[in-house]
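S.K.: take a look and give me a structure for this.
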Amino acid sequence: MDRCEALGQTLPGGIRSTDRHLLSVGFGFVVTYLSTDWLDRLRSAAQGDDALRAAAEGVELTLQQVVTSAPGGDVSYYVTFDDGEVYVQAGTVREPSVTFTQDYRTAVAVARGELNALDALRDGRVLLTGDPTLLQQRTDALAALDAVFSEVRAETEYPEPTRR
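M.R.: Got it, this is the predicted structure:
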């Protein structure tokens, strides 16, 4: 059954195919970048990954992400490593270890792999505040997080930014 044929049908688990966008293959769900569904998918992926939990053992770190000029307005979320647990939450945290701030176009380019995050930092397209040495000390946990999030990125659509 292709995407068009699936619209309006009830899928396993009682999910109506009109509730979310569908991928053509395997009924995987496409989520919109920075949406509540996207954050839910990140959260679920992070909490369900044993390799990430193992890499996060002994790690205490909170990464705040701020994306400006997104289609629905500015979006903030954070990822907390808490001694083997990893949490993804919408909003802002009071005292993040590190904050990354970038505009929507930059965030999309980095997420799609079109722009290297280090190049974006060096070029001033991403503003980093907090203690960057914490990132250098936690490369294993961050690499494990990236591996988990890459699965979600593969199921993510990136709407064009609104024109101002």
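S.K.: and the strands in the chain, which stretches?
M.R.: 21-22, 29-32, 60-68, 75-82, 85-90, 98-103, 126-130, 156-157 (DSSP state E).
S.K.: could you dump those strands into a markdown table with mean neighbour count added?
M.R.: Just so you know, the C-beta spots here come from the backbone N, C-alpha and C atoms, and that holds for glycine as well. Shown next, in a markdown table, are the strands of the chain (neighbours: other CB atoms under 10 Å):
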| stretch | mean neighbour count |
| --- | --- |
| strand 21-22 | 18 |
| strand 29-32 | 17 |
| strand 60-68 | 19 |
| strand 75-82 | 20 |
| strand 85-90 | 17 |
| strand 98-103 | 20 |
| strand 126-130 | 15 |
| strand 156-157 | 16 |
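S.K.: so which of those gets nearest Leu42?
M.R.: strand 85-90 (4.5 Å; CB to CB).
S.K.: Gln89 contacts Tyr78, correct?
M.R.: Yes - using CB atoms under 8 Å, Gln89 is in contact with Tyr78, at 5.7 Å.
S.K.: before we move on, the earlier item: could I get the strands of the chain as TSV with distance to Ser150 and mean pLDDT?
M.R.: Listed next are the strands of the chain as TSV, based on distance: least, CB to CB, whole Å; pLDDT from 0 to 100:
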stretch	distance to Ser150	mean pLDDT
strand 21-22	19	41
strand 29-32	14	92
strand 60-68	16	98
strand 75-82	14	98
strand 85-90	15	97
strand 98-103	17	98
strand 126-130	19	98
strand 156-157	10	97
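S.K.: could you list the domains of this structure?
M.R.: 1-30, 35-155 (automatic domain parsing).
S.K.: by mean pLDDT, show me the worst of the ones you listed.
M.R.: The minimum mean pLDDT among the domains of the chain belongs to domain 1-30 (a mean of 46).
S.K.: residue contacts, Thr80?
M.R.: 61-63, 86-87, 89, 93 (CB atoms under 8 Å, 6 or more residues apart in numbering).
S.K.: among the domains of the chain, show me which one is buried the most.
M.R.: Highest mean neighbour count among the domains of the chain (mean count of other CB atoms under 10 Å): domain 35-155, with a mean of 16.
S.K.: how close does Tyr78 get to Gly124?
M.R.: 22 Å (CB to CB, to the nearest Å).
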